[in-house]
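Engineer: return atomic coordinates for the entry below.
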Amino acid sequence: MLQTRKRTSGFTLIELLVVIAIIAILIALLLPAVQQAREAARRTQCRNNLKQIGLALHNYHDVHGTFPIGNLYAGTATSNGWSWIAYILPYMDLGNDYEQLDFAYADPASTGRCSEFMGQQETNFPTENWTWTQTKPVLVCPTDPLAGGKFTGITGSGTYEISNGSMAVASYLGVAGKTLNWECGMGSLWSITSPDGVPCQDASGYEGMLYSNSRTRIRDVIDGTSNTCMVGERGQHESLTYGWPLCGRGYPPLYSGRKDHILEMFTFSQGVTDDDPDSGPSTQKFWSHHTGGAFFVLADGSVHFLNYSIDTNLYQGLGTRADGEILDEF
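Structural biologist: Purely as a prediction, here's the structure:
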């Protein structure tokens, strides 16, 4: 009598290993494509953020006849500066946030003035009501891993120490010019001159769109609004010390808002996030976490991606509004 064997169904060990290997290969092939698709979406969102910012700046200009002050400086060593972002909040659907600010420098009892905002906002504005302890998506590049960060703790020293700061950082800074002039005082630009007798508003460091106490108008952009950068992006430093969107003391000795609100376009940086935050290129130059360059808003409101390989003279020319350069395509 013949006996038939009952065969059990299933995979052999070799078959299972082959299937696992095939799945691993497929995942390895698909993962870069998924990552690229996600980065493409983040780049699009960053571009859209800058497009909204450019539109808000132009709406401000339509109402007030000038673009906003790049950084408000009251002319004293202890004053801080409200930024251009603070002034355009109503044009970015952030009107309620705007109402929490008080731009009056003259009133020392004003609990919303910039200096008190810098050092005592947790006292003046309860955390549950003070919206600027939370990130504003329109002000941060989604590619930046630190874009959702919030500075908390102590920074500075002595008179300038911020002992209980709590501020969500931002990714976009105004273009002050080709270089930032350290010889001009940052007070009343209409009376102060540099050592060579040139009025500060016409001197280097004031030749951009958004600088300390600026009142730039479209008709001032002699080089053409399509050839002049107005706002660019910068990756966040891991310390989260710089890049506060509303107000900041900026970089000494003139406390011009540099590295908080405005930067110069002298040389491009590819960003080194672990460098010294007081002297490293990651805080003093424009750059981004996008591969190959960074986005900029031009004075005409359009958004362009500038590659790190851009010619330095062309890059500097894009940072000035009335130098008369003939610029190549970019």
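
Engineer: burial count for residue 295?
Structural biologist: When neighbours are defined as other Cβ atoms under 10 Å, residue 295 has 23 of them. No exception for glycine: its C-beta is placed from N, CA and C like everyone else's.

Engineer: right, and it touches residue 48 too?
Structural biologist: No - counting by Cβ atoms under 8 Å, residue 295 stays clear of residue 48, with 10.2 Å between them.

Engineer: show me the shaky parts of the stretch 101-250 of the chain.
Structural biologist: Along the stretch 101-250 of the chain, the model assigns pLDDT under 70 to residues 102, 104-133, 153-166, 180-205, 248-250.

Engineer: hey, where'd the helices end up in this structure?
Structural biologist: Assigned by DSSP state H, the chain shows helices spanning 13-64, 84-88, 95-98, 114-124, 281-284, 312-318.

Engineer: weakest of these in terms of mean pLDDT?
Structural biologist: Mean pLDDT is lowest for helix 114-124 among the helices of the chain, at a mean of 49.

Engineer: nearest to residue 265, of the helices of the chain?
Structural biologist: Of all the helices of the chain, helix 312-318 sits nearest to residue 265, with 5.9 Å by Cβ to Cβ.

Engineer: packing partners for the closest one?
Structural biologist: Secondary-structure packing of helix 312-318 (3 or more Cβ pairs under 8 Å, 6 or more residues apart in numbering; DSSP states H and E): no helix or strand packs against it.

Engineer: in that helix, what's buried?
Structural biologist: For helix 312-318, burial by neighbour count (16 or more other Cβ atoms under 10 Å) applies to 315, 316, 317, 318.

Engineer: kindly report the same for stretch 28-45.
Structural biologist: 42, 43, 45.

Engineer: wait, which of the residues you listed is closest to residue 288?
Structural biologist: The closest of those to residue 288 turns out to be residue 43 (Cβ to Cβ; 9.4 Å).

Engineer: isn't that closest one up against residue 143?
Structural biologist: Yes - using Cβ under 8 Å, residue 43 is in contact with residue 143, at 6.8 Å.

Engineer: apart from its chain neighbours, what residue comes closest to residue 103?
Structural biologist: Spatially, and ignoring its direct neighbours in sequence, residue 103 is nearest to residue 82 (5.9 Å; Cβ to Cβ, 6 or more residues apart in numbering).
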